[in-house]
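Visitor: Quick one, fold the following:
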Amino acid sequence: MSGRKLPTTPTPTVIVPTIQYPAASYALDEEQLLLISSTLLDSGVDMPATPRNLDDVPEEDPPTGPDSGNSGPYTNQSAANSATTFHAGPGASGSGSGRNTPVPGQGVPPSTARLRKAPSTRTLGKPSTDQLQVAATLSSGSNSGGGAAGSNGGGGSGASVRRAGSAGGTSISRSSRTQVGAGGHTLHRYRSTPRLPHDKEMAPAPATGMYWSKAPVWGTLPSRSFRNHTATLVDTVVWIIGGNDDKDSARDIYCFDTETMQWTRPDTVGESPPACRAQTATLVDKKIVIYGGGLGSYYFDGVYVLDTATRRWSQPPILDGPHPAGRRAHTAVYYDNKIWIFGGGNGLNALNDVWTLDLGSNHTGLIEGTEGRGLRWEEKITTTVKPCPRGYHTANLVRDIMVVVGGSDGKECFTDIWLLNLTTLIWSKVNIPPPLYKRLSHSATQVGSYLFIVGGHTGQEYTSEILMLNLVSLHYEPRTIYGKPPSPRGNHSAVLSDSRLFLFGGFNGQISFDDVYILDLAASAYLPQVTSFEIESGDPNSY
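Guide: Numbers count the residues shown, from 1 in each chain. Predicted structure coming up:
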């Protein structure tokens, strides 16, 4: 052995990996390269010390034009992007400004990440238009859940690019992972640990004040943003169904646990609704009844039922006879074993008709049908004094009164509030003292004897303001709310769970959101327990 010189292994050339994505190409930042370099130390590979930073890459300008969703809710824009237009139009279009950026080696144990050089790729410092492709293979680790392409449920410290919920930017989280499918599309994003707020991010507030904060979510994060979706609370879990993002409509489902703040993506079986937006979801026992919705120039009139216990979709039989026209942007409430549908748009006009879907005495058997009887549609003839046609309004059931707030007919944004007595079928208009508030595409959630009206469009701009409507006096009451509220938005959803109001997603005219905000009611938590009030009914002109 003496005198022989052992052969040395040459150090391979290191190339800065970048990702070719339909919207833009992004280089890995220093944190991600450190993760990859840790897997190559045994091979003697040195990683560069000053890689390109994601923050140096400018975002694309938001799309503009009649089909971009940026021309405002009162222009003659695409039916898939307009907040108020009910005419038939072309399908959704637009770009997400580099959102859903995939990350190489995501969800992959660091010891198994491997790099492959693409043809015509130059060395460090001289990148060409052909980008370095990053291939990651799994040789260890665990998968949980049976989602498409397998949702990664293991722990670990993989890094990923995460959408910034309020601004559409990017941020880095070591506890996040992304799975990328064919064509560079994000299939799943998984975060093993929630991002807790820093002290500097917490605005001071009294202990008795209502407080906004951003939810520290984790789990299988949604791979898209949400607007015009439905959110239904079943026990402590919110079921998010359908809606659209900056590109198109979707038919997927996500679940959010309001106790653990965990996102999951459940698998379902059976015939699910088509991809659509602005449909309604009505909870009957633990079944969610979906009606209507739109996709481009199509307006649906189908009824679908999701059993959240078995996760099975079905279409219940509908008896022959009159039925409502397909529509979107309508509302639905459940009363007297019937689903009450009001308003919306059918692609040609805004509507103000009232229909009921009679579930029969055996509504618990919706999945298996109704023992041969089927469900029955019936149009309800109400008083001649009624709201003008509208969509993107809200409707809440208070005892036997349906409270309708705002909306639009595609030309005007409304300030009015209407009450429909579902027993007498009498409409009554509420005379609200000034100031009046125009609202469409907002959310309205009953909290005891109040209606919390959050966000929406004012006819001029999107807002994040909260209006509190006292359901006893039928007057707005000002309240001080602390914390950092969500950015102005509409087309979001809101649910009340355990004295907290959860807000999901939305749209600000340019960007769709995927974030979750919480309004803690604090000392106002007693409000959900107030159930002994009534809304007095009387002459249609008495309000």
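Visitor: CA atoms for contacts and neighbours, from now on please.
Guide: OK.
Visitor: list the contacts for the residue lying closest to Val385 once chain neighbours are set aside?
Guide: Among residues not flanking Val385 along the chain, Trp427 sits closest, at 6.5 Å (C-alpha to C-alpha, 6 or more residues apart in numbering). Trp427 sits next to Thr382, Thr383, Val385, Lys386, Pro387, Trp418, Leu419, Leu420, Asn421, Pro540 when contact means C-alpha atoms under 8 Å, 6 or more residues apart in numbering.
Visitor: Repeat that for Gly344.
Guide: Contacts of Gly344 (C-alpha under 8 Å, 6+ apart): Arg327, Arg328, Ala329, His330, Thr331, Ala350, Leu351, Asn352, Pro389, Arg390, Gly391, Tyr392.
Visitor: For the nearest residue to the second one once chain neighbours are set aside, which residues are in contact?
Guide: Okay, so that is Arg328. Using C-alpha to C-alpha, 6+ apart and skipping the chain neighbours, the partner closest in space to Arg328 is Gly293 (4.3 Å). Shown in contact with Gly293 (C-alpha under 8 Å, 6+ apart): Cys276, Arg277, Ala278, Gln279, Thr280, Tyr299, Phe300, Asp301, Gly326, Arg327, Arg328, Ala329.
Visitor: Roughly how far does Ser464 sit from Lys286?
Guide: 31 Å (C-alpha to C-alpha, to the nearest Å).
Visitor: mind checking the SS state of Asp267?
Guide: Of the three states, Asp267 takes coil under DSSP: H, G, I helix; E, B strand; the rest coil.
Visitor: these two touch, right, it and Arg311?
Guide: Yes. Using C-alpha atoms under 8 Å, Asp267 makes contact with Arg311 at a distance of 7.2 Å.
Visitor: shaky segments in the protein?
Guide: 1-188, 197-202, 361-372, 523-543 (pLDDT under 70).
Visitor: mind listing the helices in it by residue range?
Guide: According to DSSP state H, the chain carries its helices in the segments 30-40.
Visitor: give me the beta-bridge partners of the residue nearest to Val385?
Guide: Here Trp427 sits in beta bridges with Leu420, going by DSSP bridges.
Visitor: same question, Gly344
Guide: With DSSP bridges as the rule, Gly344 is bridged to Leu351.
Visitor: State the distance from it to Ser272.
Guide: The separation that Gly344 has from Ser272, given C-alpha to C-alpha, amounts to 22 Å.
Visitor: repeat for Val403
Guide: 30 Å.
Visitor: Those two: which has the busier surroundings?
Guide: Ranked by neighbour count (other C-alpha atoms under 10 Å), Val403 and Ser272 place Val403 first, with 23 against 17.
Visitor: Quickly list what the more buried one is bridged to.
Guide: Applying DSSP bridges, one finds that Val403 bridges with Asn396, Leu419.
Visitor: Could I get the buried residue list for stretch 447-465?
Guide: 447-459, 462-465 (16 or more other C-alpha atoms under 10 Å).
Visitor: Same question for stretch 466-479.
Guide: Ile466, Leu467, Met468, Leu469, Asn470, Leu471, Leu474, His475, Tyr476.
Visitor: and if you look at stretch 313-333?
Guide: Within stretch 313-333, the residues scored as buried using 16+ other C-alpha under 10 Å are 313-318, 323-324, 326-333.
Visitor: Show the end-to-end separation of that stretch, please.
Guide: Terminal-residue distance, stretch 313-333 (C-alpha to C-alpha): 21 Å.
Visitor: Equivalent analysis for stretch 436-454, please.
Guide: First-to-last residue span, stretch 436-454, C-alpha to C-alpha: 15 Å.
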